[in-house]
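Trainee: Pasting the sequence and the predicted model now:
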Amino acid sequence: MFKIIEHTADVGIEAYGETLEKAFENAAKGMFAIITNNGKIESKIERKVEIPYEGDDELLLVDWLSELLYIHDVENLVFGDFKVKINDKLVGYAYGEKYDRQKHGYGMQIKAVTYHMLEIKRNKKGVTIKVLFDI
């Protein structure tokens, strides 16, 4: 679904999916795996995210992950499961719970989603996303 990639002053992920929506879901899973050091997250709370889609997949991805990071920072929530649909806007659902350091562990604090080396590639197998985070 995803793998964590190292970069000099950042950390990133490479996420995969049969569709763009699945790749967005897996990118979000990867981001929260970094935040929680791959801790187990239960689906106790749901948050809905809506973002206008103007045809730029990379911008939409950064907006999606940035909104999830904002919810994490403001509400102290972590998410482990996601459902994304993209038409004229992205409608995403994030499922998770309040962050508990003992339960979820302590990974890296992500400050921001970056455009540096950002890639979304499509091929016969589906979609691959590479994204770096400022830590």
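Mentor: Yep, that arrived.
Trainee: and the residue most central in space within the chain, what does it touch?
Mentor: Centroid check for the chain by C-alpha atoms, centre = their mean gives residue 28 as the closest residue, at 1.9 Å. Applying C-beta atoms under 8 Å, 6 or more residues apart in numbering, we find residue 28 in contact with 64, 65, 68, 79, 82, 92, 94. C-betas here are computed from N, CA, C, even on glycine.
Trainee: How much space separates the fourth one from residue 15?
Mentor: Spatial separation of residue 79 from residue 15 under the definition C-beta to C-beta, to the nearest Å is 14 Å.
Trainee: before we move on, what about the last one?
Mentor: Shown here: residue 94 relative to residue 15, a distance of 15 Å by C-beta to C-beta.
Trainee: now the fifth one
Mentor: Residue 82 sits 11 Å away from residue 15, taking C-beta to C-beta as the criterion.
Trainee: what's the overlap in contacts for the two?
Mentor: With C-beta under 8 Å, 6+ apart, residue 82 and residue 15 have common neighbours 24, 29.
Trainee: Doesn't residue 108 belong to a strand?
Mentor: No - using DSSP: H, G, I helix; E, B strand; the rest coil, the secondary structure at residue 108 is coil, not a strand.
Trainee: The helix or strand of the chain with the lowest mean pLDDT: how far from the chain's middle?
Mentor: Ranked by mean pLDDT, DSSP states H and E, the weakest helix or strand in the chain is strand 2-6, scoring a mean of 73. Mean-position distance between strand 2-6 and its chain equals 12 Å (C-alpha atoms, centre = their mean, to the nearest Å).
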